[in-house]
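Colleague: Predicted model and sequence below, questions to follow.
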Amino acid sequence: QVQLVESGGGSVEAGGSLRLSCTASGKIYRITSMGWYRQALGRQRESIAMQASPDNTFIDDSVKGRFTISRSTTENTVYLQMNNLKPEDTGVYYCTVNHRETEIAWTKTFWGQGTQVTVSA
């Protein structure tokens, strides 16, 4: 099993910045990708940013140019730098990890507990 611990959420005014962190621990063999989803109140969880490698990164159009994802493979940690935050960025941000237990095993997805981000106008 893989456990995820998130940190860095909070409340900011529009235009402010926050940095989210998520560290994976447990019986880790191979993490194939790490990233972030966001769930606003009353809406479905949506993918914001994912990274398999620096050359294989997804950033949703709604945050492109404002959010940056980075990853430390040695520390099994993924970061989300959020700049120029807008009220519509408000929601619970979930860290997600895709992990393979052996070289030939199927990939399993794990989720963090979520961290609240609130942006006021």
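Modeller: It's in. Numbers count the residues shown, from 1 in each chain.

Colleague: distance of the most centrally placed residue in the chain from residue 114?
Modeller: The residue lying closest to the centre of the chain (C-alpha atoms, centre = their mean) is residue 36, at 2.3 Å. Between residue 36 and residue 114 the distance is 10 Å, computed by C-beta to C-beta, to the nearest Å. To be clear about C-beta, it is placed using only N, CA and C from the backbone, and glycine gets the same treatment.

Colleague: pLDDT wise, what is residue 74 at?
Modeller: Per-residue pLDDT puts residue 74 at 86.

Colleague: hang on, I meant residue 54
Modeller: Note on residue 54: pLDDT of 86.

Colleague: rewinding a little: any common contacting residues for residue 36 and residue 114?
Modeller: 93, 94 (C-beta atoms under 8 Å, 6 or more residues apart in numbering).

Colleague: Please, where are all the strands along the chain?
Modeller: For the chain, the strands defined by DSSP state E cover 2-7, 10-13, 18-26, 30-39, 46-53, 56-59, 67-72, 77-82, 91-100, 107-111, 115-120.

Colleague: Check which residues of the last one are buried.
Modeller: I take that to be strand 115-120. Neighbour-count burial for strand 115-120, counted by 16 or more other C-beta atoms under 10 Å, picks out 115, 117, 119.

Colleague: Equivalent analysis for the first one, please.
Modeller: Counting neighbours by 16+ other C-beta under 10 Å, one finds that the buried residues in strand 2-7 are 2, 4, 6.

Colleague: Adding distance to residue 41 and pLDDT, write the buried residues of strand 115-120 out as TSV.
Modeller: Shown next, in TSV, are the buried residues of strand 115-120 (distance: C-beta to C-beta, whole Å; pLDDT from 0 to 100):
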residue	distance to residue 41	pLDDT
115	15	97
117	12	98
119	13	98
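
Colleague: want to throw the residues you listed into CSV with distance to residue 60?
Modeller: Below are the buried residues of strand 115-120 laid out as CSV (distance: C-beta to C-beta, whole Å):
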residue, distance to residue 60
115, 18
117, 15
119, 16
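
Colleague: Residues in a beta bridge with residue 34, which ones?
Modeller: residue 51, residue 97 (DSSP bridges).

Colleague: swap in the one 4 residues further on?
Modeller: Under DSSP bridges, the beta-bridge partners of residue 38 are residue 46, residue 93.
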